[in-house]
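A.B. asks: need a structure here:
(one chain, ligands or ions: 2)
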Amino acid sequence: MSNVKIALTIAGTDPTGGAGIQADLKTFQEREVYGMSVLTSAVAQNTLGVLDIHHLPLDFINQQLESVFSDIKPNAIKTGMIATIEMMELISHYLREYPEIPYCLDPVMVATSGDVLMEEISQTIIKEQLVPLATVATPNLSEAEILVGRSIRTIEEMERAAIEIVAELGAKTVVVKGGHLDGEAIDVFYDGNQLYHLSSERFHTVHTHGTGCTFSAVITAELAKGKSIFEAVEQGKAYITDAIKYSLELGKGNGPTNHWGYRLQGLPNERGEK
Ligand SMILES: Nc1ncnc2c1ncn2[C@@H]1O[C@H](COP(=O)(O)OP(=O)(O)OP(=O)(O)O)[C@@H](O)[C@H]1O
Ligand SMILES: Cc1ncc(CO)c(N)n1
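C.D. replies: Ligands and ions are numbered 1, 2, ... in the order given. From the prediction side, this is the model:
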């Protein structure tokens, strides 16, 4: 038996490679875990926005999940774009069957471009079906707002939302990401006991497509290696900071991050920042 650690992503696609399954697999590779993927929706999108979406038939998603679980059991699972209630029910069935596998829930609802990636009715179902199964949930500000049902504008409101997502909605831990606030990029982590701030300088760049996918993929990879949730989240923050700092300046809109950015530490980036 191989000793290699394995991560599974269940998500949608980005043909331009910055977000979704493509970002997850690149990140798994960089974190030196073996990456597997189950596709939920094929999305025609780029750095400017979403052109079209095709949901895969439910029984085909099931066949993909069967293919994976009947052969190679992952050490950690992440979910990204899950557009419909039926998909959520199917996937939660597998997650409940393997409660020992750490699960990172990235509750993807809207793309960086503002395009909607989840049916509105699914937003309530994700709360009931998936949040209670999450080892760590990673909502951004607007996803956290939908989960708790009120607006979040300050760090204190992020903290209150984090506590509620754990204490009332049933996630084991949560990171409420502050990528869309002003000032320092501060994420709030709540482990059920204590609140922590994960902070970094904010880079003034439009190239933030897929930051959330990449961040949660790192967390999943680290959980697959047996790291603690706190270590996994800290690593996620360090990795995404370098991925944004060394972003590749690709595309006509919000370009992708640099999945090997952490290897460039100490070098000036394309904007001449050290
Ligand atoms: N301009 C920035 N400079 C530094 N860190 C940032 C910046 N934008 C986002 N981040 C960090 O990136 C991570 C992802 O946060 P963000 O809120 O952007 O997620 P998201 O909205 O789910 O991403 P996306 O939908 O683009 O995939 C967080 O750790 C956040 O603090
Ligand atoms: C498939 C997919 N998942 C997640 C996001 C959010 O960045 C995106 N743009 N596309």
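
A.B. asks: show me which residues of the helix or strand harbouring Glu159 are buried.
C.D. replies: Taking DSSP states H and E as the definition, Glu159 sits inside helix 155-167. By neighbour count on 16 or more other C-beta atoms under 10 Å, the buried set for helix 155-167 is Ile155, Glu157, Met158, Glu159, Arg160, Ala161, Ala162, Ile163, Glu164, Ile165, Val166. For the C-beta atoms, the positions are set from N, CA and C on the backbone; glycine is no exception.

A.B. asks: I'd like those as JSON lines, with pLDDT appended.
C.D. replies: Formatted as JSON lines, these follow (pLDDT from 0 to 100):
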{"residue": "Ile155", "pLDDT": "96"}
{"residue": "Glu157", "pLDDT": "97"}
{"residue": "Met158", "pLDDT": "97"}
{"residue": "Glu159", "pLDDT": "98"}
{"residue": "Arg160", "pLDDT": "98"}
{"residue": "Ala161", "pLDDT": "98"}
{"residue": "Ala162", "pLDDT": "98"}
{"residue": "Ile163", "pLDDT": "98"}
{"residue": "Glu164", "pLDDT": "98"}
{"residue": "Ile165", "pLDDT": "98"}
{"residue": "Val166", "pLDDT": "98"}
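
A.B. asks: what residues are up against the closest residue to ligand 2 within the stretch 51-200 of the chain?
C.D. replies: Here the stretch 51-200 of the chain gets closest to ligand 2 at one residue, Ala111, 3.5 Å apart by C-beta to the nearest ligand atom. If you count contacts by C-beta atoms under 8 Å, 6 or more residues apart in numbering, Ala111 has them with Ala19, Gln45, Gly49, Val50, Leu117, His209.

A.B. asks: and the least confident of the residues you listed?
C.D. replies: Taking the contacts of Ala111 together, the minimum pLDDT is found at Leu117 (81).

A.B. asks: surely it meets Gly12?
C.D. replies: Yes - when contacts are counted by C-beta atoms under 8 Å, Leu117 is listed as touching Gly12 (6.8 Å).

A.B. asks: what parts of the stretch 151-274 of the chain come near ligand 1?
C.D. replies: 177-180, 185, 187, 200, 202-203, 208-213, 215, 237, 240-241, 244 (C-beta under 6 Å from any ligand atom).

A.B. asks: change it to 5 Å
C.D. replies: Applying C-beta under 5 Å from any ligand atom, we find that the stretch 151-274 of the chain lies next to ligand 1 at 177, 179, 185, 187, 202-203, 208, 210-213, 215, 240, 244.
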